[in-house]
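> Provided below for reference: sequence and predicted model.
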Protein chains: 2
Amino acid sequence: MAKRVRLIDIAERLNLTKVSVSKALRDHPDISKETRELVKKTAAEMGYTPNLLARSLSSRRSNTLGLVVPKIAHTFFSTVIDAVQEEATKAGYGIVLAVSSERAELERQHIERLLAMRVDGLLVSVSKEQPDRAIYEHVRQMNVPLVFFDRRIEDMGFSSVTVADRDGARLAVDYLIEQGYRRIAHIAGSSEVEIGRERRAGYEEALRRHGLPVPAHWVIEGGFDEQHGYDAFRRILQTGDLPEAVFAATFPIGLGVYRAICEHSVALCRSIQIVTFGEGGLNEFYTYPHLCVRQPTREMGRRAVEVLLAEIEALDAGREAEAPRHVVLETELVLPPDYPLAPLDGTPAHTPAG
Amino acid sequence: MAKRVRLIDIAERLNLTKVSVSKALRDHPDISKETRELVKKTAAEMGYTPNLLARSLSSRRSNTLGLVVPKIAHTFFSTVIDAVQEEATKAGYGIVLAVSSERAELERQHIERLLAMRVDGLLVSVSKEQPDRAIYEHVRQMNVPLVFFDRRIEDMGFSSVTVADRDGARLAVDYLIEQGYRRIAHIAGSSEVEIGRERRAGYEEALRRHGLPVPAHWVIEGGFDEQHGYDAFRRILQTGDLPEAVFAATFPIGLGVYRAICEHSVALCRSIQIVTFGEGGLNEFYTYPHLCVRQPTREMGRRAVEVLLAEIEALDAGREAEAPRHVVLETELVLPPDYPLAPLDGTPAHTPAG
DNA sequence: CGTCGTAGCTTAACCGATAAAGTAAACTCC
DNA sequence: GGAGTTTACTTTATCGGTTAAGCTACGACG
């Protein structure tokens, strides 16, 4: 069993002190050029790997960011994670990932652990459950920068990067109405979370603007996943009173709705128009062309890291906590041009270019 | 700015030493029941969070596992990650995630960093590029347990958890042949990686067993992603000589093939049967019913953690490195019962239950 | 020529915990 | 009632680094 090489091992070999070796490796001007190079060469030869634990402990910087997401097997989040990783790596930071599985308690535990690991900053997208505010107070008290992305807690004074949820939702539903749809259902997310409330608000706004009533029996709240979409639409199917279009608060919800419809009747799944907030990355393969509100996913990850790093820098430059920044990204309504929307007379209209 | 609470702060408040406090918090029998409780209460009141860096440094255990995957926005990996997280959390370990983006150099850097962080063990699925063996030698030399999952390097003496790739591939292709298909293409993965070679070998075995020739022009190697599937099948389309079925080495490859076919002709995409190794989690929504080889994804994650933890335990129980374990999981051929396969006469056969 | 600055190291202290060894008082036990 | 155990702490050393403050020899400068 090979012992791990430490600074002191290199130092002894070269008749130097560990401090000199440490400095040499970090290109400290105290050390002469020749010594520096000799040290580096020797370190490489001996297979030295610095102990980041020790380094972080004494330097008080871990060069690590904590990333907490509610879910991972969801294109939106895995894309954000990817972007965050990329951006963090560029800046010399590693990331520690934690998945809360949409549960507030797990979210709490994970943040606790990340704090204990002394991450330099946190990127968080909250779970769908009522959050445990105490843990965020704790973050604040420990003076660790935190940036929410996508799903935030609005009133805790942390920075955030989000999309214009209400606008995006409103524009999508506006579009449906302009195309002649009148009977529009909304499978909403959780009202515990801002994005759930905002997307719903956008939906209602659009309806009201056009003088349409909000059909309470067609607005169903719940989670953000496929299961919720499926269950919710099954409830609608059971009433027998069907909408012409469905605005789904997330892509997975849309999938669930679609599945529920198809199971019920294949013809139907071509005549009820689905619009999802967010996309799945598989739109081309998705049987029926659906509209979607595109979010700048990778940019969200990048911007979140950017804001967080700025706060970290501000912090160790000694500047006291500045006002939180709130970055709001625009969305874009995507309509596959080759495909007609679902017709209003209930007949299939799917005639992709072939 | 709140100072962070340390053991010594609690100790001073209670007129104890930090060692006693440390022991009290860890329920060491040295400390009386009353003191223990007093300490815990005080610690909670003061908002104490242990510094895991310091703890890990002195105890030589970080209680952290490093997880390296080639890709994250892919159902297979995000599912494994999820399972790993769950299992690791249960056992009191955190995970540090790193994504190599299918590049050997990034993989190297990430592993280097994880070693430097002194993770207690590593879980790795290698990138599609020729791996840098030196880094794995380094892992070995540092005596850090490592378990490969899904994609491994066969001859480096590390444990692994994989699926029976060759068998799964062979059974799938066998099935196609039994159904009467004869002209079967294979869009293979990278031959740098064992799973790429094995799946291809299974495909060829099945053909040979049935006395069919291996159609070299229909076997195209490359990456594991959608792009490769798309590009590869476009090449086949250009030749004008089309197969009756395609065996795709991964689900994303299958999607790419499907896209290429649909773009070319919608009718065609219902008459060329696609079989994928692995699934996307969206099979129900996938336009044409395709066969797939189901991998026990979550189980792979669980088993990998299990094997790794066993090695970690063995290590700090002082037992010397035992022989590596190789867990091979069985796959299952999934054929959606409601849906007929693509007909051999080239006419659409898609008539899902409605 | 004495003083100051500086290049190039070294020494000492510390980061925040754990591990191992030491100690004083109380408690057993024949 | 004195030796041996326990009980409940304390003291000292260590983990592998970093930071801050010495120290020394050499060259420049007024």
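Happy to help now that I have it.
> what residues does the biggest helix by length in chain A touch?
Longest helix in chain A, counting residues (DSSP state H): helix A:297-316. By Cβ atoms under 8 Å, 6 or more residues apart in numbering or on different chains, the residues outside helix A:297-316 that reach it are A:61, A:65, A:76, A:79-84, A:86-88, A:91, A:93, A:120-123, A:143, A:145-147, A:149-150, A:159, A:161-163, A:321-322, A:325, A:327, A:329. Every C-beta, even on glycine, is put in place using the N, C-alpha and C of the backbone.
> can you list the buried residues in it?
Buried residues in helix A:297-316, counted by 16 or more other Cβ atoms under 10 Å in any protein chain shown: A:297, A:299-309, A:311-312, A:315.
> in chain A, what helix or strand scores lowest on average pLDDT?
helix A:251-264 (a mean of 85; mean pLDDT, DSSP states H and E).
> now do the very next helix or strand once past it: which elements does it pack against?
As assigned by DSSP states H and E, the chain's next helix or strand after helix A:251-264 is strand A:273-277. On a contact count with 3 or more Cβ pairs under 8 Å, 6 or more residues apart in numbering or on different chains; DSSP states H and E, strand A:273-277 meets helix A:165-178, strand A:245-248, helix A:251-264, strand A:291-294.
> so for residue A:69, which of these sits nearest?
helix A:251-264 (14.1 Å; Cβ to Cβ).
> ok, and what's touching that closest one?
A:74-76, A:187, A:189, A:224-234, A:237, A:246, A:248, A:268-269, A:272, A:274-280, A:286-288, A:290, A:292, B:282, B:284-285, B:352.
> which parts of the following helix or strand past the longest helix of chain A are buried?
Counting by DSSP H and E, the next helix or strand C-terminal to helix A:297-316 is strand A:326-329. Applying a neighbour-count criterion of 16+ other Cβ under 10 Å, one finds A:327, A:329 buried in strand A:326-329.
> contacts only, for residue A:165.
A:194-195, A:198-199, A:202, A:277, A:331.
> now, these that are in helices?
A:194-195, A:198-199, A:202.
> of those, closest to chain B?
Of all those, chain B sits closest to residue A:195, with 20.6 Å by Cβ to the nearest Cβ.
> how many neighbours does the closest one have?
By other Cβ atoms under 10 Å in any protein chain shown, 26 other residues sit near residue A:195.
> pretty sure it sits against residue A:148.
No: in this structure residue A:195 lies outside contact range of residue A:148 using Cβ atoms under 8 Å: 10.8 Å.
> what is in contact with the two at once?
Here residue A:195 and residue A:148 have residue A:162 as joint contacts, going by Cβ under 8 Å, 6+ apart.
> in the stretch 201-350 of chain A, where is pLDDT below threshold?
Applying pLDDT under 70 to the stretch 201-350 of chain A flags the ranges A:266, A:281-289, A:321, A:336-350.
> find the closest residue to DNA strand D in it.
Residue of the stretch 201-350 of chain A nearest DNA strand D, by Cβ to the nearest atom of the strand: residue A:316 (10.3 Å).
> look up how far DNA strand C lies from that residue.
To DNA strand C, residue A:316 is 14 Å away according to Cβ to the nearest atom of the strand, to the nearest Å.
> need the helices and strands packed on strand A:273-277 in CSV with distance to residue B:18, can you?
Converted to CSV, the helices and strands packed on strand A:273-277 look like this (distance: least, Cβ to Cβ, whole Å):
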stretch, distance to residue B:18
helix A:165-178, 48
strand A:245-248, 55
helix A:251-264, 49
strand A:291-294, 54
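> of the ones you listed, which stretch is the most buried?
The highest mean neighbour count among the helices and strands packed on strand A:273-277, using mean count of other Cβ atoms under 10 Å in any protein chain shown, belongs to strand A:245-248: a mean of 29.
> kindly export that strand (C-alpha atoms) in CSV.
Output in CSV follows, covering the C-alpha atoms of strand A:245-248 (Å, rounded to 0.1, in the frame of the first residue of the first chain):
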residue,chain,number,x,y,z
ALA,A,245,-56.6,22.6,-25.3
VAL,A,246,-54.5,22.1,-22.2
PHE,A,247,-51.9,24.3,-20.8
ALA,A,248,-49.4,22.2,-18.8
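> those residues of chain A touching DNA strand D, which are they?
Neighbours of DNA strand D within chain A, by Cβ under 7 Å from any atom of the strand: A:4, A:6-8, A:18-19, A:22-23, A:25-26, A:30, A:48, A:50-51, A:54-55, A:57-59.
> would you map the strands across chain A?
A:64-69, A:94-99, A:121-124, A:146-149, A:159-163, A:184-187, A:219-220, A:245-248, A:273-277, A:291-294, A:326-329, A:332-334 (DSSP state E).
> quick one: the closest residue to residue A:226 other than its chain neighbours from residue A:150, how far?
Spatial nearest neighbour of residue A:226, chain neighbours left out: residue A:256 (3.9 Å); criterion: Cβ to Cβ, 6 or more residues apart in numbering or on different chains. Residue A:256 sits at a distance of 20 Å from residue A:150 (criterion: Cβ to Cβ, to the nearest Å).
> right, and residue A:117 touches residue A:57 too?
No: Residue A:117 lies out of contact with residue A:57 (Cβ under 8 Å); the separation is 11.2 Å.
> who's more crowded, those two?
Of the pair residue A:117 and residue A:57, residue A:117 is the one with more neighbours under other Cβ under 10 Å, namely 25 against 20.
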